[in-house]
Every structure is written in structure tokens, then in C-alpha cells.
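Engineer: Next input, structure requested:
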Amino acid sequence: MRKPAFWTAAVLFIISTACSQPSNWSENYDKSLALAASSGKTLLINFTGSDWCPWCVKLEKEVFSQKAFQDYASTSLVLMKADFPKTKKLADSVRAQNQALADKYGVQGFPTIVLLNGKGEKISQTGYQEGGAEAYVRHLKSLIAAPPVKPADGGPTVPGTRAAGPQAPETRTPEPKAPAWSDDFNRALAEAKKTGKTLLVDFTGSDWCPWCIKLNDEVFSQKAFKDFAAANLVLMMADFPRTKKLPENVKSQNQTLAERFGVQGFPTIVLLKGDGTKIGETGYQPGGAEAYVGHLKSLIGQSR
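Structural biologist: Residues are numbered from 1 along each chain as shown. As a prediction, the model looks like this:
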């Protein structure tokens, strides 16, 4: 007796679905490390806020759930997730383990990807990268392949960097004076209204969030941004530091603003008109200060 065609189709669907299932992520560090040691593979630990961190969700969707990554992981990686969720409940032992690992490897924001050898020695560290799964696999391969280099001056060894030869003294032009960042929303909004400029509110974790620090180093501290800000922006920082202490009124104000504008991760950049109307929202963008200025101009221009 011939089986109905739909049974054949069903079997093929089950097989294809099974083949496309995400790679297995462990929650147990000791077992993961032992597997890395016995297999000679690299242990990849994903420090993530799986149910609240937007960049973690993007990394999962664009990379970890994709076939290119899963194929590479199956032959070269042991995968472990160190999760720090807000709504999902973890076992006390898992939560304690994850916090201990974050402390051990100096994790200061999410997502952070730590690569270890089978001895538990750190190979390198990275985070979200644009470009999709294939580009991310190449990125991981380069980190794993690049040997640590000891600087000539005896400084700390940095994984995945190359030694540089002597350089000629640099001629520096004077840095432009940075526009002042206010921590008072009402005052900043009043200035935006008075001058007709756009109010840029930077929701940041200034002393712990790696993407916030990158945004400051690559954009806010650069001349191209400072020149644009001086002519077009009022700047306000809504900070959520871990070590720096803020006055209670500032801390309360920043929390209220985060709730008002639906901030769910750092950095979040909110652009407002002088009447408080929201123009747009963005975050970290690769490409440096000039590209970021162009990005801001497009957001502000679309509101007019």
C-alpha cells in the first residue's frame, strides 16, 4: 500500500527543520570548558540580556540563528550563553555563575562575546558587528587566528593586535571646544526652544556601556560632530552610571525621561524639537563622526 504523498512531505519537512535548528547553547561553564578542552574547539561565551537588550536580539537574529554561523559553530566552537534576563527566571546557581563569569572577564555591557581556549584563557573579546552571519564568522576566525602580541614597551598583551613600528611625531591641530552637555532637561529644552536648535538627549551608561563609550570616542569627541553641534544642537546627557554618583534629582529625572521616551537600551539618542516633540531616535552607528553627522541631518531633515 502506497503512503499518501503528504506523509512523504511531512517527513521531509521534519528533516529539513531539524537540520536548521539553532546550535546547542549550554548554560554550564564547567561542562562547556571541559568540552572545549577535549575537542580542541574554541569556547564562545555570549554575555547577553536575551529578553531586553536590543543589540543582543539583533546579534541572535542576524548571526546566531543563521546557517552560516551554525555550520561554523558545529565544527569550530563550543557555545555557552551567560544570560542576564529581566523577566525570565534563572536558577540561582546559573545566575551566580553568570555574574562570577562577568566579573572574571570584565564584562561591562551587552552583548559581549568572549572567546576562550580549552584552558579557560581568554583569546579575545567582541560584541555586535554589522554585516550578517558570514561577515561575523570571518570576524571570529580573525580573532581566533590572530596571536596575542606583546608590545615593545612591556605593556599588557592585547589579543588580535599587530605590533607597529616607530612612528613619526604627530602634528596635532587644536581640538575644537566641545559644546557643553547639560544634565538638566528643562533647561536644555528651553534653550532649544529659544535658539531653534534640535535637542539631542544621549541616554547612556557612561562608565560601563561599551557602545556608549565607542559612540563618545568615535563621534561626540570628534571635530566634525562638535562643529555640527555648535551650530545646530543643544546637548543633554541622561546618564545611568554604575560607579559615578548622581544627585538624586538628576537620577530621578533621567529615569522619568527614559520611561517617557521608551528607552530600552544604551546608548539611545533621542532628538526633540524645542516644544518637546520627538523628531527621531537612533543609537550607535559605525562609520565615525562625519557619517554620524550625516545620519543626524537626515533624521532632523525628515521632520521638517
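Engineer: remind me which residues of the stretch 1-150 of the chain are low pLDDT?
Structural biologist: Filtered on pLDDT under 70, the stretch 1-150 of the chain yields the residue ranges 1-23, 146-150.
Engineer: Helix, strand or coil: sort out Ala82 for me.
Structural biologist: Recorded secondary structure, Ala82: strand (DSSP: H, G, I helix; E, B strand; the rest coil).
Engineer: Now it: closest residue in space, sequence neighbours ignored.
Structural biologist: Ranked by C-beta to C-beta, 6 or more residues apart in numbering and with sequence neighbours excluded, the top spatial neighbour of Ala82 is Asn98, at 4.2 Å. No exception for glycine: its C-beta is placed from N, CA and C like everyone else's.
Engineer: Equivalent analysis for Trp52, please.
Structural biologist: In space, Trp52 is closest to Lys86, 4.6 Å off (C-beta to C-beta, 6+ apart).
Engineer: ok, now how distant is the one you found from Phe228?
Structural biologist: For Lys86, the distance to Phe228 (C-beta to C-beta, to the nearest Å) stands at 36 Å.
Engineer: More neighbours: those two, which one.
Structural biologist: Phe228 (19 against 10; other C-beta atoms under 10 Å).
Engineer: what helix or strand does that one sit in?
Structural biologist: helix 223-232 (DSSP states H and E).
Engineer: Dump that helix to PDB, keeping only the CA atoms.
Structural biologist: Taking Å, rounded to 0.1, in the frame of the first residue of the first chain, the C-alpha atoms of helix 223-232 are listed here in PDB:
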ATOM      1  CA  LYS A 223      35.700  67.800  15.500                       C
ATOM      2  CA  ALA A 224      33.100  67.000  12.800                       C
ATOM      3  CA  PHE A 225      30.400  66.400  15.400                       C
ATOM      4  CA  LYS A 226      31.400  69.300  17.600                       C
ATOM      5  CA  ASP A 227      31.300  71.700  14.700                       C
ATOM      6  CA  PHE A 228      27.800  70.500  13.700                       C
ATOM      7  CA  ALA A 229      26.600  70.500  17.300                       C
ATOM      8  CA  ALA A 230      27.800  74.100  17.900                       C
ATOM      9  CA  ALA A 231      25.600  75.400  15.100                       C
ATOM     10  CA  ASN A 232      22.600  73.000  15.300                       C
END
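Engineer: and it, which residues are buried?
Structural biologist: Under the neighbour-count criterion of 16 or more other C-beta atoms under 10 Å, helix 223-232 has 224-226, 228-229, 232 buried.
Engineer: Redo the residues you listed as JSON lines? Include distance to Val250.
Structural biologist: JSON lines is the format used below for the buried residues of helix 223-232 (distance: C-beta to C-beta, whole Å):
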{"residue": "Ala224", "distance to Val250": "29"}
{"residue": "Phe225", "distance to Val250": "24"}
{"residue": "Lys226", "distance to Val250": "24"}
{"residue": "Phe228", "distance to Val250": "26"}
{"residue": "Ala229", "distance to Val250": "21"}
{"residue": "Asn232", "distance to Val250": "25"}
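Engineer: Alright, I will stop here.
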